[in-house]
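In: Return atomic coordinates for the entry below.
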Amino acid sequence: MDQFNYNNGTLFIEKTSIEDLTQELATPFYLYSNEEICNNYHKLNNALGNLNAQICYAVKANSNQAILTLLASMGSGADVVSEGELKRALSAGIAANKIVFSGVGKTSQEITFALKSGIFQFNVESEPELKHISELCVLLNLTANIAIRINPDIAADTHEKISTGKAENKFGIEHTRTLEIYAYAAKLPGIKVQGIDVHIGSQINDLTPFEATFKRLAELVIKLKKAGHDINVIDIGGGLGVTYNPEQDKKYDLQHYANLIHQYLAPLNCKIIVEPGRSILASAGVLVTKINYIKTTPTKQFLILDAGMNDFARPSLYDAYHQIMPIKQHSTGETSYDIVGPVCETGDTFAKSRNMPIVAQGDYLVIKDTGAYGAAMSSTYNTRPLIREVMVKGLQYSTIRAPQTIDDIINQDKLPEWLIDED
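Out: Next comes the predicted model:
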């Protein structure tokens with residue numbers, strides 16, 4: 001059930017009026033529903049049913065400690081791609097034996113910390129990385145549990161910047177070399193080969209590429225086992241999409257996705273790792289923003305918001321569509337707006353020629369489905385401070401990240417001695 005609904009013309013999150021929050025908190029700010037996060041997690045967990053599976057939430061989607069702690073309380077593990085994300089996950093109470101470490105550029109420091117932390121698995125992306133992990137294991141007298149990420153060369157129907165499973169992408173080792181690379185890994189000291197890993201992309205709403213991937217994975221696991229490799233973990237990555245645009249985005253059946261896992265992978269008697277991020281968090285968050293000005297030109301009406309591309313980058317980076325709704329419903333008809341931010345870039349645009357209810361200067365809007373890849377990708381471009389994050393549960397709300405100040409940003413900078421006036 002969607003936790004963002006109008007009640008007597010006012011938009012609520014769970015049982016809390018967003019209008020009331022705007023009277024207490026300066027905009028812009030991110031706003032998350034505790035209930036929506038839980039519901040999304042349980043939907044996936046229930047769909048997986050009695051499968052030997054572990055959900056490892058993709059921390060990159062939203063790494064706030066409150067969100068990680070909530071997910072940990074439901075049994076979630078974590079998929080991390082940096083030492084920082086690993087430390088966040090551990091700090092939130094996610095057990096090391098539920099953490100997988102992905103990413104193409106793991107450093108010596110990151111690998112060492114992960115080894116000493118006792119994580120469940122490294123998802124290895126290349127031969128040089130595999131060799132480097134082995135060398136560090138020998139140096140530290142430790143063993144690394146690894147899965148090798150295979151690039152299945154399967155195209156997913158998604159934006160090219162978040163497609164990761166095609167041959168030309170930087171991720172993984174080509175599937176045609178699977179037996180060769182596993183034979184190499186098996187000979188390396190300090191390496192325990194336990195699994196196989198794949199991730200074909202993000203924001204995928206068509207299950208056909210997943211089915212093709214699972215089928216290829218099953219074939220590879222059978223070949224690896226016949227070659228003598230003890231494969232007992234299959235990491236299928238994440239990638240499940242959300243419905244950003246109800247009129248255009250495909251809708252998939254979550255149970256059908258789980259059924260495909262059962263059909264192709266369950267017979268292999270392996271532990272299945274699933275790495276959702278967007279599908280757990282996106283619908284749980286909105287960006288609350290105020291209309292600072294309405295600018296009218298001979299051809300356009302611009303809504304100029306107090307939120308900018310530094311706060312929410314997806315529309316600028318991916319030309320991503322997000323629903324935009326007024327906090328107060330009006331009965332004055334609709335019109336077309338270009339909805340933009342204050343940053344000095346033409347790309348600081350959230351929507352073009354968007355038909356929506358007529359609004360006024362000073363009104364508040366929400367940009368929907370910003371719980372994933374919103375705050376996590378924000379920046380201080382134009383010396384605009386990172387904004388507040390708030391979580392709601394029923395009638396309660398709490399700031400889960402305080403807004404940064406301009407002084408915070410300036411005080412991070414240090415002058416070299418030759419620029420300091422000693423007089």
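In: Hmm, Ser353 is touching Ser336, no?
Out: Yes - shown here, Ser353 and Ser336 form a contact pair, counting by C-beta atoms under 8 Å, at 5.2 Å. The way it works is simple: take the backbone N, C-alpha and C, and place the C-beta from them, glycine included.
In: ok, what's across the strand from Ile304?
Out: With DSSP bridges applied, Ile304 shows beta-bridge pairing to Tyr293, Val340.
In: residue ranges for the helices of the stretch 251-400 of the chain, please.
Out: 254-264, 278-281, 314-318 (DSSP state H, counting those that start in this stretch).
In: what's the closest of those helices to Val80?
Out: helix 278-281 (15.2 Å; C-beta to C-beta).
In: contacts for the closest one?
Out: Identification of contacts with helix 278-281 by C-beta atoms under 8 Å, 6 or more residues apart in numbering yields 32, 37, 40-41, 44, 57-58, 61-62, 67, 71, 202-203, 238, 240-242, 371-373.
In: now with 10 Å?
Out: 32, 36-41, 43-44, 55, 57-58, 60-62, 64, 67, 71, 76, 162, 202-204, 238-242, 244, 252, 254, 257, 369-374, 376 (C-beta atoms under 10 Å, 6 or more residues apart in numbering).
In: In a strand, Arg149, correct?
Out: Yes - looking at Arg149 with DSSP: H, G, I helix; E, B strand; the rest coil, it is inside a strand.
In: is it true that it touches Ala185?
Out: No - using C-beta atoms under 10 Å as the test, Arg149 is too far from Ala185 to be in contact (12.0 Å).
In: of the two, who's got more company?
Out: Arg149 (25 against 21; other C-beta atoms under 10 Å).
In: Bridged to the more buried one, which residues?
Out: Asp197.
In: So it versus Asn382, what's the distance?
Out: 37 Å (C-beta to C-beta, to the nearest Å).
In: Equivalent analysis for Phe312, please.
Out: In terms of C-beta to C-beta, Phe312 sits 14 Å off from Asn382.
In: what does Arg354 give?
Out: 24 Å.
In: same deal with Ala144?
Out: Distance check for Ala144 against Asn382: by C-beta to C-beta, it reads 43 Å.
In: Which one's more surrounded, the two?
Out: Taking other C-beta under 10 Å, Ala144 and Asn382 do not tie; Ala144 has more neighbours (24 against 14).
In: okay but that one is in contact with Phe122, surely?
Out: Yes - between Ala144 and Phe122 a contact is recorded at 5.5 Å, counting by C-beta under 10 Å.
In: what residues are shared contacts of these two?
Out: The contact sets of Ala144 and Phe122 overlap at 101, 111, 114-115, 130, 133, 191 (C-beta under 10 Å, 6+ apart).
In: Which of the residues you listed has the largest number of neighbours?
Out: Each of those was scored by neighbours using other C-beta under 10 Å; the highest score is Phe101's, at 28 neighbours.
In: Run through the residues that contact Phe12.
Out: Here Phe12 is in contact with 3-6, 18-20, 327, 392 (criterion: C-beta under 10 Å, 6+ apart).
In: okay, Phe171: pLDDT?
Out: We have a pLDDT of 58 for Phe171.
In: With Glu417 instead?
Out: Note for Glu417: predicted pLDDT of 92.
In: Name all residues that make contact with it.
Out: Glu417 neighbours (C-beta under 10 Å, 6+ apart): none.
In: Repeat that for the one 3 residues further on.
Out: With contact taken as C-beta under 10 Å, 6+ apart, Ile420 is in contact with Lys414.
In: before we move on, back to that, who touches both of Ser353 and Ser336?
Out: Common contacts of Ser353 and Ser336 (C-beta under 10 Å, 6+ apart): 300-301.
In: which intervals of the stretch 101-250 of the chain have sub-threshold pLDDT?
Out: 155-171 (pLDDT under 70).
In: which residues in it form strands?
Out: Assigned by DSSP state E, counting those that start in this stretch, the stretch 101-250 of the chain shows strands spanning 121-124, 144-151, 173-174, 191-197, 233-235.
In: Glu110 against Leu86, yeah?
Out: Yes - with contacts counted by C-beta under 10 Å, Glu110 reaches Leu86, the gap being 7.5 Å.
In: returning to that earlier point: and for Phe312 and Asn382, which residues touch both?
Out: Common contact partners of Phe312 and Asn382 (C-beta under 10 Å, 6+ apart): 341, 348.
In: circling back: give me the common contacts of Arg149 and Ala185.
Out: Common neighbours of Arg149 and Ala185 (criterion: C-beta under 10 Å, 6+ apart): Val124.
In: what sits against Tyr264?
Out: 210-219, 221, 234, 236.
In: need those residues in a markdown table with neighbour count and distance to Gly105, can you?
Out: Formatted as a markdown table, those follow (neighbours: other C-beta atoms under 10 Å; distance: C-beta to C-beta, whole Å):
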| residue | neighbour count | distance to Gly105 |
| --- | --- | --- |
| Phe210 | 23 | 26 |
| Glu211 | 18 | 30 |
| Ala212 | 17 | 28 |
| Thr213 | 23 | 24 |
| Phe214 | 22 | 27 |
| Lys215 | 16 | 30 |
| Arg216 | 18 | 26 |
| Leu217 | 23 | 24 |
| Ala218 | 18 | 30 |
| Glu219 | 13 | 29 |
| Val221 | 24 | 27 |
| Ile234 | 27 | 24 |
| Ile236 | 24 | 22 |
